[in-house]
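**Student:** next input, structure requested:
(chains A and B)
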There are 2 protein chains.
Amino acid sequence: MATKKYKVIFQPSGSRGLVDEGKTVRDAAQALGVDIESVCGGKRTCGKCKVKIQEGFFEKFDIDSKMDHLTPLEPEEKKKIKPQELEDNYRLACTAKVKGDILVFVPEESRGGGQVVRKAATDIKIENNPAIRKYYVELPPPTLHDPEGDLERLFKELQKAHFLSDLTMDYVVLKDLPTVLRKDKFKVTVTVWENEFGKKEVIKVESGLSTRRVGLAVDIGTTTVVGYLTDLSTGKVISVDSMMNPQVQYGEDVMARISYAMSNPDGQEKMHKAIIEGLNKIIRVATEEANLTPDDVLGMVVVGNTCMHHLFLNINPIPVGKAPFPPACHHSVYVKARDLKLVTSPAAWVYVLPNEAGFVGADNMGVVIALEQYKHPEIVLAIDIGTNGEIDFGNNRKMFSTSCATGPAFEGAHIKYGMRAAPGAIEHLKVDPVTYEVDFKVIGKAEWHGHAVDADVVARGICGSGIIEAVAELFKAGIVKRNGNFNMDLKEKTSRLRIGDDGLPEFVMVWEKDTSIGKDITVTQHDVRAMQLAKGALYTGSKILMKNFGVKELDKVLLAGAFGSYIDREASMVIGMFPDCDLEKVKAVGNAAGDGARIALVNKEKRKEADVVARQIQYVELTVDPEFQKEFMMSMHFPHMKDSFPHVQHILDKIPKV
Amino acid sequence: MATKKYKVIFQPSGSRGLVDEGKTVRDAAQALGVDIESVCGGKRTCGKCKVKIQEGFFEKFDIDSKMDHLTPLEPEEKKKIKPQELEDNYRLACTAKVKGDILVFVPEESRGGGQVVRKAATDIKIENNPAIRKYYVELPPPTLHDPEGDLERLFKELQKAHFLSDLTMDYVVLKDLPTVLRKDKFKVTVTVWENEFGKKEVIKVESGLSTRRVGLAVDIGTTTVVGYLTDLSTGKVISVDSMMNPQVQYGEDVMARISYAMSNPDGQEKMHKAIIEGLNKIIRVATEEANLTPDDVLGMVVVGNTCMHHLFLNINPIPVGKAPFPPACHHSVYVKARDLKLVTSPAAWVYVLPNEAGFVGADNMGVVIALEQYKHPEIVLAIDIGTNGEIDFGNNRKMFSTSCATGPAFEGAHIKYGMRAAPGAIEHLKVDPVTYEVDFKVIGKAEWHGHAVDADVVARGICGSGIIEAVAELFKAGIVKRNGNFNMDLKEKTSRLRIGDDGLPEFVMVWEKDTSIGKDITVTQHDVRAMQLAKGALYTGSKILMKNFGVKELDKVLLAGAFGSYIDREASMVIGMFPDCDLEKVKAVGNAAGDGARIALVNKEKRKEADVVARQIQYVELTVDPEFQKEFMMSMHFPHMKDSFPHVQHILDKIPKV
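**Tutor:** Residues are numbered from 1 along each chain as shown, chains lettered A, B, ... in the order given. Below is the predicted model:
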């Protein structure tokens, strides 16, 4: 009798597959390339491999019967798992054995390796015009002949000493004013917030002299959340903290989270609370690292795509998921941190950048104000590649934007051996067009495999930038044809090209012996198709925006996003990720969305600019363009069915003719 | 051996006295004239006489030994008192017996008779210029060719249909906007709040058509809290609810509460929470009575003296209790109801009127904008008599204000047989200047005692307006001399004049047989002294304000406050509560502070006026006036040591010469 197999999905990586009955969750993870921490090597002693068994995702997977899908809890597990965690269905991956379909969430602390946070703060030049300033004053104490109230006494002195007028005071500051004034003989430091329209509010009064001004810029990505604790005086980043977006447990991508909100009455609230808790953790960690406290955070700026924007603000995201995808608001939002239960200074404001359109959100406005295409005559194509792809196109005359459903292929997801940018991930590779031999470089090691004196340069999988190079190299070597099919005529010449388990062609990039997963790492026909769809979507979006603008050529390409910083420009143009451009004019700009948040944090005029520009950018809904289907079909070819690419023509010319 | 006696104090009435050991709390209450509900007549079956034994007030009264001051809990009590109440030291007054000093709080539901709420809404003419308006709109639903966001779609339609521009939206409204818009095909009613400076904010969006606009005006008195649920379209009061200020358990008057805040680290917070809970109860009761819900309350206006203002806003009140008495702020305060945890519509604003000075608070500004002295050339003296006395004096040229420490005598407290304005309280009386016989009228009965066909017109005590008449009548009959001493020469002529238990003179107003308390109701030498101090304070304040203004005569006297409405004008002028004035020009204006709150609720221009006028009124600190001591001494005489009173001279002339 054949062994029964069950479906196992791991979150947040999204890896999935069939696993033999009786295998431990840890075995399943290894088989599917999911790295789970295991200090004791499965001896049930370290308790590091805790995972959470999720409920409510599978049809057959209801709450009453959930424990039937795993072997019962064992005594060792009770010792290692806290009672609260037990209630939340935590298990030890090394102990629980598969008896049915399961969905496994690997919490951050149990993840092996750890992701290389590529969303680090870049050095950008920011003009300083902060919304938040501090003023020190010494007040004359009240007397019977001058019994003026505390607020008026303070405002009078601020006017006299600092020429500040038209001030208001947040209630939560007023509440403590009499006490704070009297702590150190009426000597206080007053923090004044001023918005881009000149509205002024006292958001903090501290006893004595205090000069440090700190704010937090936050980029809420679908997958990664990064907080930049920033000195508001200098614009410098003091500390950075990042984490997986805790909403990942409710769905990998935007559409999955919107579905979760649709099918669970408390789904929106749950995801909102998850991101708020996550941000509070970031605030605590980032401030502690800088020897500060959350109370020192005087203001926040947040960017994120429209769905992240809505869930952060606890706004119903469902309309954003259905045509015509209207967001709750385009305009930027000011909200008191306390209304969101964020642990900053109690009167701090949170500023959320405007949304351009349903699928072009505040994160893209961050990109726009960071790149400032709207200020220069050069015609620039800016692509922000995250879990979704957003494109801005134009110059100081006009701007267009759109969103492309690239899928998560560029991030290494839904690619057979795709993985995040973590140690062991192939980030660069070369395929010899004559011998078809492969050399590769993995994250975490300085040398290429072929030149390594160190024998342990082994691969675990392929990350996003690696998969682009892999496809480009296969194309350049003639192994993959222009239409994306493998050229099976070459099967005679190399054993790397073969038919995989699914009956479709695949190419072995790394032989089993050079991996840490005990299996050949391959690029499959499915993987190539996923890349064709993803790059075709970007190319089509770019082309349609160019048509809307009325040009056939572009001056510059800017690649933004965590992934955009590591991409190989030549490889990406060879496969046709975007229209032809001088390679010298293709630039990686890093996490421009996060840069935009930092800019808006320390320059309030930029906030005004963001709202104005957001209304000027014309959003183009690709699917309603009559040429969309045709263009998309042609764009799926490498590099394109018809368009020419003079800047990489010399490379294309060398491709062996089939 | 003599029976031991213990000190017993009842709150909120403040009645106190020595009680024999072994008496029940109910016996003690009867002896001290405190009315406790008792349906079963002390048979331990109705459970209506629940009282709370307070802790932490007496030096000898610490928590560990508290139960030693009463006999132990009996089984019947456990049946009638809820577990939570038992924890809070509730006992049955008919069962618990005195074994030591105790402080007894009689909760509202256990109070007999019930106070006549005199703070009922008066009919005042209010110009309508509300801060809150509603607008109905039907939006075109979004399409792929018009995918505009919800907020911008709504604002565009509000501009088009109602010419509304420069709108903002409270975050808590935006949060639910996508859901509300889609409930009934994008047909919604939008509530727009506009402050006195033109700032506009959407504070509510409801699905479909909704026209009712309701707000709440609140007068937080030291003793009584009243809420007027008001129709914002008409300015009409829909329902009124009132209660004892729940802070009474922490101190009878302003100074006692400030002391409580000083001696208890959580005192301020406790008193703040108490008033918020009280107001939430008022909101629930008042809205339920009008078939509405708390969520229908779209805005609030609050008045109260500076201490009530601070405790309502959870501001440290301690500086207000110490010279030079600076308030936290003079300016009016806008605060979101949710920041105070008030159960209104979530985005509703609470507007708190400005404070003039440390002891002339927002309640007095309510009086000022209701009476509008600052608009007319007539020189008006306005006296607001509550637990404190506030005076405004002036006309459209200049205004002065002050606060007088009258003590609570005018409210019947600290008067031997003083009581609140409840059934059985003497409110009017006459003393025959020849026979010295007394006739009286009590609250709750239409006829005077002397003319009653109904035999049960019996007295329980004397309320505030009654005590003024009592003193005036004793003075007019020559029984009390100008200096406040009893004329003991008359002892021969009437047995009513006698020496009391304290060795000082007293006058029997009602013989035991005509009372419900089984004791003679007397006016004592102490009572007369308390009245002299109280009326002397008001007179002195008035005189010093007149001096500041630079006049010796006044055109009009307005008596405000719950008590002010029932006062006998002639009696009050005969004893010299205020300087001479044409009696026809002395008017009771009812609860003008509450009227001011209602006016500010439905007329936002009045809010601006309040802030402007509050800064123009000159606060006069009486105690720093060089003539204060001398004037106060002279003012304690009836009606005054030197001043003349032409308008009541004919009455004064009839007083038998001593």
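
**Student:** flag every residue of the stretch 1-150 of chain A that's near chain B.
**Tutor:** Residues of the stretch 1-150 of chain A lying near chain B by CB under 8 Å from any CB of the partner chain: A:142-150. In this view, the C-beta of every residue, glycine as well, is placed from N, C-alpha and C.

**Student:** enumerate the residues of the stretch 201-350 of chain A near chain B.
**Tutor:** A:313-316, A:318-319, A:323-331, A:333-336, A:338-339.

**Student:** gap between the nearest residue to residue A:515 once chain neighbours are set aside and residue B:619?
**Tutor:** Of all residues beyond its chain neighbours, the one nearest residue A:515 is residue A:459 (5.2 Å), with distances taken as CB to CB, 6 or more residues apart in numbering or on different chains. Counting by CB to CB, to the nearest Å, the separation of residue A:459 from residue B:619 is 81 Å.

**Student:** ok, now which ones touch the nearest residue to residue A:162 once chain neighbours are set aside?
**Tutor:** Nearest residue to residue A:162, sequence neighbours excluded (CB to CB, 6+ apart): residue A:135, at 4.8 Å. Taking CB atoms under 8 Å, 6 or more residues apart in numbering or on different chains, we find residue A:135 in contact with A:158, A:161-162, A:164, A:189-192.

**Student:** JSON lines please, covering those and showing neighbour count, pLDDT and secondary structure.
**Tutor:** Shown next, in JSON lines, are the contacts of residue A:135 (neighbours: other CB atoms under 10 Å in any protein chain shown; pLDDT from 0 to 100; DSSP: H, G, I helix; E, B strand; the rest coil):
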{"residue": "A:158", "neighbour count": "20", "pLDDT": "95", "secondary structure": "helix"}
{"residue": "A:161", "neighbour count": "13", "pLDDT": "92", "secondary structure": "helix"}
{"residue": "A:162", "neighbour count": "14", "pLDDT": "92", "secondary structure": "helix"}
{"residue": "A:164", "neighbour count": "19", "pLDDT": "93", "secondary structure": "coil"}
{"residue": "A:189", "neighbour count": "18", "pLDDT": "96", "secondary structure": "strand"}
{"residue": "A:190", "neighbour count": "25", "pLDDT": "96", "secondary structure": "strand"}
{"residue": "A:191", "neighbour count": "22", "pLDDT": "97", "secondary structure": "strand"}
{"residue": "A:192", "neighbour count": "20", "pLDDT": "96", "secondary structure": "strand"}
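
**Student:** and those, which two are the farthest apart?
**Tutor:** Taking CB to CB as the measure, the contacts of residue A:135 span a maximum distance of 15.1 Å, between A:161 and A:191.

**Student:** taking the centroid of chain A, which residue is nearest it?
**Tutor:** residue A:221 (3.2 Å; CA atoms, centre = their mean).

**Student:** I'd like the distance between the closest residue in space to residue A:477 that isn't next to it in sequence and residue A:469.
**Tutor:** For residue A:477, ignoring the flanking residues on the chain, the nearest one in space by CB to CB, 6+ apart is residue A:433 at 4.2 Å. Distance, residue A:433 to residue A:469, by CB to CB: 14 Å.

**Student:** which one of those two has more residues nearby?
**Tutor:** residue A:469 (25 against 14; other CB atoms under 10 Å in any protein chain shown).

**Student:** show me what contacts the more buried one?
**Tutor:** A:428-429, A:568, A:571.

**Student:** pLDDT score for the closest residue to it other than its chain neighbours?
**Tutor:** Closest residue to residue A:469 apart from its sequence neighbours, by CB to CB, 6+ apart: residue A:571 at 4.8 Å. At residue A:571, the model reports a pLDDT of 94.

**Student:** helix or strand: which one has residue A:571?
**Tutor:** helix A:569-574 (DSSP states H and E).

**Student:** from the middle of its chain, how far away would that helix be?
**Tutor:** Distance of helix A:569-574 from the chain centroid (CA atoms, centre = their mean, to the nearest Å) equals 23 Å.

**Student:** please apply the same query to stretch A:600-619.
**Tutor:** 21 Å.

**Student:** now do stretch A:227-241
**Tutor:** On CA atoms, centre = their mean, the centre of stretch A:227-241 falls 19 Å from that of its chain.

**Student:** show me chain A divided up by domain.
**Tutor:** Using automatic domain parsing, the domains assigned to chain A come out as A:5-110, A:132-207, A:214-359, A:409-530.

**Student:** filter the residues of the stretch 1-150 of chain A next to chain B down to the buried ones.
**Tutor:** A:142, A:147-150 (16 or more other CB atoms under 10 Å in any protein chain shown).

**Student:** which residues of the stretch 251-400 of chain A score low on pLDDT?
**Tutor:** Across the stretch 251-400 of chain A, nothing is flagged by pLDDT under 70.

**Student:** quick one: the helices in it?
**Tutor:** For the stretch 251-400 of chain A, helices defined by DSSP state H, counting those that start in this stretch occupy the ranges A:254-263, A:267-289, A:306-312, A:362-371.

**Student:** turn the ones you listed into a markdown table, columns for mean neighbour count and distance to residue A:651.
**Tutor:** Formatted as a markdown table, those follow (neighbours: other CB atoms under 10 Å in any protein chain shown; distance: least, CB to CB, whole Å):
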| stretch | mean neighbour count | distance to residue A:651 |
| --- | --- | --- |
| helix A:254-263 | 19 | 35 |
| helix A:267-289 | 19 | 43 |
| helix A:306-312 | 29 | 38 |
| helix A:362-371 | 30 | 28 |
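
**Student:** closest one to residue B:492 among the ones you listed?
**Tutor:** The closest of these to residue B:492 is helix A:267-289. By CB to CB, the value is 84.0 Å.

**Student:** give me the angle between that closest one and helix A:254-263.
**Tutor:** 130 degrees (axes from the mean of the first three to the mean of the last three CA atoms, to 10 degrees).

**Student:** what is helix A:267-289 packed up against?
**Tutor:** strand A:214-220, strand A:224-231, strand A:237-244, helix A:254-263, helix A:306-312 (3 or more CB pairs under 8 Å, 6 or more residues apart in numbering or on different chains; DSSP states H and E).

**Student:** need the contact partners of that helix.
**Tutor:** A:214, A:216, A:218, A:220, A:225, A:227, A:229, A:238-243, A:245-247, A:249-250, A:257, A:260-261, A:264, A:293-294, A:296-297, A:308, A:311-314, A:316-317, A:340-344.

**Student:** just the buried ones from those?
**Tutor:** A:214, A:216, A:218, A:220, A:225, A:227, A:229, A:238-243, A:245-247, A:249-250, A:257, A:260-261, A:294, A:296-297, A:308, A:311-314, A:316-317, A:340, A:342-344.
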